[in-house]
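J.: Make a model of this:
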Amino acid sequence: MARVAFIGLGTMGYPMAGHLARQFETLVWNRTTSKAQAHAQQFGSRAVTELQDTAQAEFIFTCLPTSVEVEAVVEQVLPALKPGTVWIDCTSGDPNHSRRIAQRLRDVGCDFLDAPVSGGKAGADAGKLTVMVGGSRQTCERALPVIHPFAGKVFHVGDVGAGHAVKAVNNMLLAIALLSAAEGLATLVKQGIDPAVALEVINVSSGRSFSTEVHFPERVLTREFPNTFSLALLAKDARIAVAMAREAYVPAPLMQLAAEMFEMAKQQIGGDVDHTAVVKLVESWAGVKIAPKDG
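T.: All right, here's what the predicted structure looks like:
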């Protein structure tokens, strides 16, 4: 049976590593050691205090805030890696960083997959995440048994960097959907229309999206904005998507504007709040609150 290691026990990584620990011997490392120890107690994983101890594993997962942290971790573990190790990065990362990391690992006889996930904390808890994998098909097939424990669907989308590219664009589409729904509903509120009623209509009509079907009813109308994925991280993904478009000479005015609005929201509202709190930026500009009339 394969031994795996998981680096980064955040909102997504903690349950993902938990699913792995149910099927494989799993080493866990986190910057806050107490979190790794809590994971070991809860799931039966083995907490390691030294980052290089993760090199004992055949498969090493990272799930960190950005590719910058991933590169730093790789450099620390690199001297201890055994040839044939597969590094699987589930961070919502940057394709260019991924290609650079992959080359560093190839130099010591190891393979790299960028394998970001979608599905949020609920998907991570349920082990039903969508995983988009970039890298060689052969390495992807080798890694499938250790990806499946936390995955509902796994897609091999291309060479190294392709997984992070698809993830960035997916999250950019989410950013645009959130902003467009906020602007539309703010307009309707100013027309005296209950946004809860408006959403009932929209969600059985052509304007519906995941944001109108899930985010607005569950997070915006309730004013709860539970922090499952930070605004700062979605702003980062939006920047990556815009940079990709620019490098490919693709005109992307909508993406550019959405990225700028998320940067504004990060400055005005803060980056540590839930990504759906970007709605508050639109509300502040419009001078309205998107909430049910009886709320």
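
J.: Contact partners for Gly10?
T.: Contact analysis of Gly10 by CB atoms under 8 Å, 6 or more residues apart in numbering lists Cys63, Leu64, Pro65. (C-beta placed from N, C-alpha, C; glycine too.)

J.: Revised request: answer the last question for Thr212.
T.: Contacts of Thr212 (CB under 8 Å, 6+ apart): Ala177, Ala181, Leu199, Ile202, Asn203.

J.: so which of these comes closest to Val279?
T.: Using CB to CB, Ala181 comes nearest to Val279 of the contacts of Thr212, at 8.1 Å.

J.: In the host helix or strand of the closest one, which residues are buried?
T.: Using DSSP states H and E, Ala181 falls within helix 162-190. Across helix 162-190, burial judged by 16 or more other CB atoms under 10 Å covers 162-182, 184-186, 188-189.

J.: Kindly report the same for stretch 264-271.
T.: Those would be Ala265, Lys266, Ile269, Gly271, for stretch 264-271 by 16+ other CB under 10 Å.

J.: picking up where we left off before, could you export the contacts of Thr212 to CSV, including columns for pLDDT?
T.: Putting these into CSV (pLDDT from 0 to 100) gives the following:
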residue, pLDDT
Ala177, 98
Ala181, 98
Leu199, 98
Ile202, 98
Asn203, 97
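
J.: Closest to Gly8 out of the residues you listed?
T.: For the contacts of Thr212, the nearest to Gly8 is Ala177 (27.4 Å; CB to CB).

J.: any idea how far Gln103 is from Phe43?
T.: When distance is defined by CB to CB, to the nearest Å, Gln103 is 34 Å away from Phe43.

J.: and what of Lys121?
T.: 16 Å.

J.: Equivalent analysis for Gly158, please.
T.: Taking CB to CB, one finds Gly158 at 32 Å from Phe43.

J.: before we move on, what about Ala143?
T.: On the measure of CB to CB, Ala143 and Phe43 end up 20 Å apart.

J.: Looking at these two, which is more packed in?
T.: Higher neighbour count among Ala143 and Phe43: Ala143, with 25 against 17, using other CB atoms under 10 Å.

J.: residues contacting the more buried one?
T.: Phe59, Val86, Ile88, Leu113, Ala115, Val133.

J.: Work out for me the element it sits within.
T.: Judged by DSSP H and E, Ala143 forms part of helix 137-147.

J.: Give the burial count for Lys44, as a bare number.
T.: Actually, residue 44 is Gly. It isn't Lys. 12.

J.: Report the separation between the nearest residue in space to it that is not next to it in sequence and Thr33.
T.: Nearest residue to Gly44, sequence neighbours excluded (CB to CB, 6 or more residues apart in numbering): Ala21, at 5.4 Å. For Ala21, the distance to Thr33 equals 17 Å [CB to CB].

J.: between these two, who's got more neighbours?
T.: Between Ala21 and Thr33, counted using other CB under 10 Å, Ala21 has the larger neighbour count: 22 against 12.

J.: what ranges do the helices span in the stretch 51-200 of the chain?
T.: Taking DSSP state H, counting those that start in this stretch, the helices of the stretch 51-200 of the chain run over residues 67-77, 95-106, 120-126, 137-147, 162-190, 195-202.
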